[in-house]
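**Student:** Compute the structure for the input listed below.
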Amino acid sequence: MEKVELGSHILSRYNEDLERLRSDVLRMGGLAESQLQQALRALADGNTGLAAEVVRNEAEVNRFEVDIDDECNRILATRAPTASDLRLVIAILKTITDIERVGDEAHKIANIGLHHAGLDRSFGDSYRVVRHLGREALDLLHEALDVFARLDAKGALTVAKRDRLLDEEHDAVQRQCITFMIEDPRTIRAAIDLLWVARALERVGDHAKNICEYVIYMVGGRDVRHIALQDVERSLQIEPASGQDSKP
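**Tutor:** Numbering: from 1, shown residues only. Now for the predicted structure:
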């Protein structure tokens, strides 16, 4: 009886460790999302204090990545997870890399905001060119984290497909900035910085899409990173996740 209770206790601790890992990933994702939101607001408003805060807080996102990575390695070494539990740990290791890179993109945008805050405020007016792209990138990231929280593979596929729309919006911003530079060479510096902002936001969409693909892997057990999403939709049979299991 004592051995049964001990085994049950160990299993309970193991499940708690996995759940804590998921929670930490979501906390890290929430911080990166907040960083991106603040960076965009600082850029639009010329708020140097807010931009500087984003730059400082990048280190906190990085600490999350290191701590979660260490915990994943500890679980792999001491628990030897299998099947869906192993997929969860592997997906978390990949997800935190993408979230950390979202933090990097927020840092880039904040630095551009710092650079332009003391200059001609016409740059702030020009920000409207990428405002919609910023909202789309934030929404995509938020929804990617949401499907990760719910382990919703079908929802993840739907969110991942939206990245194509973000790419199209990015292309439109590029064309608009090039037009500005051709029509008025005095806008070249500002337009180039807006292009960097647009590129950073497009990369955020890519990272959100990656997170969605990791969710599909966790739930369905299939790596879909290099498969066209239309083919995944046609060929992959995904059941909604009701929780973690331990079966292959």
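**Student:** so where is this structure shaky, pLDDT-wise?
**Tutor:** Residue ranges of the chain with pLDDT under 70: 1-11, 117-126, 226, 228-248.
**Student:** how about the helices in it?
**Tutor:** With helices called from DSSP state H, the chain shows them at 2-45, 48-79, 83-117, 122-126, 128-150, 153-161, 163-183, 188-220, 229-235.
**Student:** Let me have those in TSV, extended by mean neighbour count.
**Tutor:** C-beta: built from backbone N, CA, C; applies to glycine. TSV is the format used below for those (neighbours: other Cβ atoms under 10 Å):
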stretch	mean neighbour count
helix 2-45	16
helix 48-79	16
helix 83-117	21
helix 122-126	16
helix 128-150	20
helix 153-161	21
helix 163-183	15
helix 188-220	22
helix 229-235	13
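**Student:** His207 against Asp98, yeah?
**Tutor:** Yes - taking Cβ atoms under 8 Å as the definition, His207 is a contact partner of Asp98 at 4.0 Å.
**Student:** residues shared between the contacts of those two?
**Tutor:** With contacts defined as Cβ atoms under 8 Å, 6 or more residues apart in numbering, no residue is shared by His207 and Asp98.
**Student:** so who does Glu169 touch?
**Tutor:** Applying Cβ under 8 Å, 6+ apart, the residues contacting Glu169 are His132, Leu133, Glu136.
**Student:** Who are the contact partners of the last one?
**Tutor:** What that stands for is Glu136. Counting by Cβ under 8 Å, 6+ apart, Glu136 has contacts Leu165, Leu166, Glu169, Leu201, Gly205.
**Student:** try it again with 7 Å
**Tutor:** Leu166, Glu169 (Cβ atoms under 7 Å, 6 or more residues apart in numbering).
**Student:** All set, thanks.
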